[in-house]
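Chemist: Below are the sequence and a predicted model for it; my questions follow.
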Amino acid sequence: MSSIVFKSAKEQAAAVRKRSIKTSDLIEEHFEQIDKYNPKINAVIWQDREGARETAWTMDKEVARGQFRGPLHGVPITVKESFDLTGAPTTWGDPQNKDNIATSDSDAVARFRSAGAIVFGKTNVPLNLVEWQTFNKIYGTTSNPWDPTRTPGGSSGGSAAALATGMSALELGSDAGSSIRNPAHYCGVFGLKPTFKVVSSRGQSIEELHSESDISVAGPLARTAQDLKLAFETIEGLRGIEATAFKNHLSADNRTKLNQFRIGLKLDDPESPVDHDYLDKLDKFVQKLEKAGAKIIRNKIPELDSERHFMIYLKLVGASDSPHFTKKDIKALINGVKALNNDRVTRVCGTRFEGLSLLHRDWIKLNAERNKHRLVFDAFFEDVDILLTPATGAPAFKHDQKGQRYRRFLTINGEKQPEMAQLFWSGYSGVVGLPSVVGPIGQVRGLPVGYQAIAGHGRDFTALAFAEAVERELVSFTPPPLCR
């Protein structure tokens, strides 16, 4: 295991500044890591090594002159395949888009470059970013570095797997249905789903939409909570079409200790039962938080109907996904769900697929209901800093690529659950646009699991401060056995 590639991005940048390593040597260390582990994991699916080397040599000369482009000067990073990177394909895993070569950088990529990062590659995604597995007909399957028979998550599965194996120092992902958070949970790294709209997602689409898609956000993944904050600070900012009149106003949070936080709990729900061993791990994590001095607020959660909240999310996230589906696709999905004759699948998967053809007037009504729920969360966070929840219902599951996603089930606590039911934990904060950090808490049955820390609207730095305190006092990233 190369020690430098598992150092944090901040430490790698500091090593470059102190001239203890050349940028050109640092990039080669990452290339060696990719050569060693990527054949087994298939996380990094496109690279521009020649261009990265030329950039690194130029940066070496700048360092010699005492010149630095920003806080990430010389740090090698990769980004999710769905983000435009000049000269690289942006396909979203769809063979129809295999010749779609980006002619400019997405906003987030451009911001990483401005901070001095060397963006040298792209990581794998599922078709149209709508799976918690990462496979497609162009690039193949990405595997979990903790157990290659299992998924790394999706849709930012390649991102999390690349980070966990030291192939990249930072990553850029996106999240509408836990696409940052579940890969972070499954691979044992950190991920932030920011407050809706505060990070521009311009350049993350096949055809530019010129606005933020409902619920979906761009956000960072990292191996440390400190890096997660640095990456967020780097890419944070509205897209140009909105920045002409508005700017972000995110409250700072300078707390550094767990005993400064008030933490609410929602650790289970009938809509998405949580694996007993994972729930036990979360309970022990809460005990550690309390022992560290955090104020644990029990028996208080946002006062709303969680089932109705989930149904609103499923319809709205379905509507958000609708541009990727034809009328024929939608009809086939709805008929397929009906044919299963399974009430749970109909309620969860069928509701999401109904959203694919949602009428605008119905969207407006759901949006009004969603906003009422946002106000409930706002009231809750007047007295609470963090709402702690599971990231998903269980650890990473086995690869299962047969048929449509609605036909796939997970066995949790001895009962079969629709795989899509785990979307409850992503939609809980996602549908109302709240920031959520996922960070590691250890392993269950040899697989990593994490917490989800939800903060109030616009309080991204509170979620990040909590994650840093947890990392400092309780638990941090552990490399997978493959890399030890």
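Modeler: Arrived safely.
Chemist: For the longest helix anywhere in the chain, what is the distance to the chain centroid?
Modeler: Assignment by DSSP state H gives helix 360-380 as the longest helix of the chain. Distance, stretch centre to chain centre, for helix 360-380: 24 Å (Cα atoms, centre = their mean, to the nearest Å).
Chemist: So which bits of that helix are buried?
Modeler: The neighbour-count check on helix 360-380 (16 or more other Cβ atoms under 10 Å) flags 363, 366, 370, 373, 377, 380 as buried. C-beta: built from backbone N, CA, C; applies to glycine.
Chemist: Could you dump the residues you listed into TSV and include distance to Glu354 and pLDDT?
Modeler: Formatted as TSV, those follow (distance: Cβ to Cβ, whole Å; pLDDT from 0 to 100):
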residue	distance to Glu354	pLDDT
Trp363	12	98
Leu366	11	98
Arg370	16	98
His373	19	98
Phe377	25	98
Phe380	29	98
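Chemist: can you name the two of those residues that are farthest apart?
Modeler: The distance between the two most remote of the buried residues of helix 360-380 (Cβ to Cβ) is 25.4 Å, for Trp363 and Phe380.
Chemist: Thr326: which of the buried residues of helix 360-380 is nearest?
Modeler: Within the buried residues of helix 360-380, proximity to Thr326 (Cβ to Cβ) peaks at Trp363, which comes in at 19.3 Å.
Chemist: residues in contact with that closest one?
Modeler: Trp363 makes contact with 316, 319, according to Cβ atoms under 8 Å, 6 or more residues apart in numbering.
Chemist: Next, find the distance separating it from Leu375.
Modeler: Using Cβ to Cβ, to the nearest Å, we find Trp363 at a distance of 19 Å from Leu375.
Chemist: Then Val384?
Modeler: Note on Val384: its distance to Leu375, by Cβ to Cβ, is 15 Å.
Chemist: Over to Arg352?
Modeler: 25 Å.
Chemist: Repeat that for Asp305.
Modeler: According to Cβ to Cβ, Asp305 and Leu375 sit 14 Å apart.
Chemist: and what of Leu265?
Modeler: In this view, Leu265 and Leu375 are 21 Å apart by Cβ to Cβ.
Chemist: swap in Leu129?
Modeler: 30 Å.
Chemist: All the helices of the stretch 251-400 of the chain, in order from the start?
Modeler: With DSSP state H, counting those that start in this stretch as the criterion, the stretch 251-400 of the chain has helices at 276-291, 306-321, 327-340, 343-345, 351-354, 360-380.
Chemist: before we move on, what about the stretch 51-200 of the chain?
Modeler: 107-114, 157-164, 181-187.
Chemist: Among these, show me which one is buried the most.
Modeler: Highest mean neighbour count of these: helix 157-164, a mean of 35 (counted as mean count of other Cβ atoms under 10 Å).
Chemist: tell me the mean pLDDT over that helix?
Modeler: Average pLDDT, helix 157-164: 98.
Chemist: which other helices and strands contact that helix?
Modeler: Contacts defined by 3 or more Cβ pairs under 8 Å, 6 or more residues apart in numbering; DSSP states H and E place helix 157-164 against strand 44-47, strand 76-80, strand 118-123, strand 171-175, helix 181-187, strand 217-222.
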